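Visitor: here is my input, please return the structure:
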Amino acid sequence: MEKTAKIKLLPTKKQEKNLIDISKEYIKTVNTLVSKMVQAKKALNLSSKDVQVPMPSAVKNQAIRDAKSVYRRSKKLKRVPILKKPVCIWNNQNYKIKDNIIEFPVCINAKSKRIAIKAVLTEYQKELLKNKLGTLRITKKSNKWIAQICVTVPDPKPKETDIIMGVDLGLKSPAVAVTSTGKTKFTGNGRQNKYIRRKFKTKRRKLGKAKKLNAIKNLNDKEQRWMKDQDHKISRKVVDFAIDNKVSTIRLEKLSNIRTTARTSRKNEKNLHAWSFYRLASYIEYKAKLAGIAVEFVNPKYTSQTCPVCKILNQAKDRKYQCTCGFSSHRDRVAGMNIIHAPVIDGAA
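Guide: Presented below is the predicted three-dimensional model:
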């Protein structure tokens, strides 16, 4: 199983210039090589000697590999993608990590020279980096230099229990988890999410009247980062709840076409289209797999309407579900209970 360690770098001004130079040169080289391959109508077999650019040989070879990959992808896409964001990649034989320092070669005054940059490593990242390391990718995000290191970790042992957990995703209750043993957990705050999105919308309207387009773009990025952070926190709590209750399998609704099939009130319609149910489901899926918990997707039909006891269909009144057989519970909890026993279908969310 592969994971990516994202590490913040603290380069000096001189080192930052080195990173800017090699990142721009790297992306320029990849685009140039892809263009040559398109003209030749084949992936060219090149060596570092064939690439006359101010970069270390190891980086040149990595650029050649990336160019071949982009060229093959262009044949499937039937268009030639042009890489724009400056980035540079080193293979695992050309960098070292020791005592919060990452060392790798760059080109300085037309000569290959290794530089050592300070890195901010958490204890979790230090443990993660004890596994087999892959490529090092350095790029700049939000004015911060980030090192992304691919790490191969051993596959976790699957849980040896028969406990299943159903998870219902929604707007008012972002995630409701119910185990086959009867344990229930409501995670996330739908009201807070709605308030934050409304707050960003109001700010965008004011900036739009002032014609501050760049500020609107930055605000949109900030909102997306907030939403992703919420999804990460919710998914972590869901998986931790599964671990605490020795769950072997998590079941989620297959949420394809949810925006066209879901029935909701007018006041929640815009929130339905703004929230990424797929992203939250994918976060739960990959975190669960890292914990050795299997993930299955089920048919979402009537999960919030079917009585878990007598199987009769009933419409919930607001959030309360009441059946004629006497069973009553929260509507989202009922959905979680039904997801546990719903028919499993192929594919992801």
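
Visitor: quick check: bridge partners of the nearest residue to Met55 once chain neighbours are set aside?
Guide: Across the structure, with Cβ to Cβ, 6 or more residues apart in numbering as the measure, the residue nearest Met55 apart from its sequence neighbours is Cys107 (5.3 Å). C-beta: built from backbone N, CA, C; applies to glycine. For Cys107, the beta-bridge partners under DSSP bridges are Ser112.

Visitor: quick check: Cys107 touching Lys60?
Guide: No: Cys107 is beyond contact range of Lys60, at 9.9 Å (criterion: Cβ atoms under 8 Å).

Visitor: who has more neighbours out of those two?
Guide: A side-by-side neighbour count of Cys107 and Lys60, using other Cβ atoms under 10 Å, places Lys60 first with 23 against 18.

Visitor: for Val59, see how far away the residue nearest to Met55 is.
Guide: 8 Å (Cβ to Cβ, to the nearest Å).

Visitor: and if you look at Lys17?
Guide: Distance, Lys17 to Val59, by Cβ to Cβ: 17 Å.

Visitor: what ranges does the stretch 51-200 of the chain have for its helices?
Guide: In the stretch 51-200 of the chain, helices defined by DSSP state H, counting those that start in this stretch lie at 57-77, 123-128, 190-209, listed in chain order.

Visitor: buried residues, the shortest one. List them.
Guide: Read that as helix 123-128. Residues of helix 123-128 classed as buried: 125, 128 (neighbour count, 16 or more other Cβ atoms under 10 Å).

Visitor: kindly report the same for the last one.
Guide: Going by neighbour count (16+ other Cβ under 10 Å), the buried part of helix 190-209 is 190, 193-194, 197, 200, 204, 207.

Visitor: elements contacting the following helix or strand past it?
Guide: On the C-terminal side of helix 190-209, the closest following helix or strand by DSSP states H and E is helix 213-244. In this structure, helix 213-244 packs against strand 164-169, strand 175-179, strand 184-187, helix 190-209, strand 249-253, helix 277-290, with contacts taken as 3 or more Cβ pairs under 8 Å, 6 or more residues apart in numbering; DSSP states H and E.

Visitor: of these, which is nearest Val153?
Guide: Go through those one by one with Cβ to Cβ and the one that ends up closest to Val153 is helix 277-290, at 8.2 Å.

Visitor: so which bits of that closest one are buried?
Guide: 277, 280-285, 287-289.

Visitor: kindly report the same for stretch 162-172.
Guide: Of the residues in stretch 162-172, those buried under the neighbour-count criterion (16+ other Cβ under 10 Å) are 163-172.

Visitor: and of those, the nearest to Tyr26?
Guide: Of all the buried residues of stretch 162-172, the one with the least separation from Tyr26 (Cβ to Cβ) is Leu169, at 39.9 Å.

Visitor: taking the buried residues of stretch 162-172 together, which two end up most distant?
Guide: The span of the buried residues of stretch 162-172, defined through Cβ to Cβ, is set by Ile163 and Leu171 at 27.7 Å.

Visitor: dump the buried residues of helix 277-290 to CSV, plus distance to Ser74 and pLDDT.
Guide: Listed next are the buried residues of helix 277-290 as CSV, based on distance: Cβ to Cβ, whole Å; pLDDT from 0 to 100:
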residue, distance to Ser74, pLDDT
Phe277, 32, 84
Leu280, 32, 92
Ala281, 31, 92
Ser282, 26, 91
Tyr283, 30, 92
Ile284, 34, 94
Glu285, 30, 92
Lys287, 33, 92
Ala288, 35, 92
Lys289, 31, 88
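
Visitor: any weak-confidence spans in the protein?
Guide: Scanning the chain with the threshold set as pLDDT under 70 gives 256-275, 346-349.
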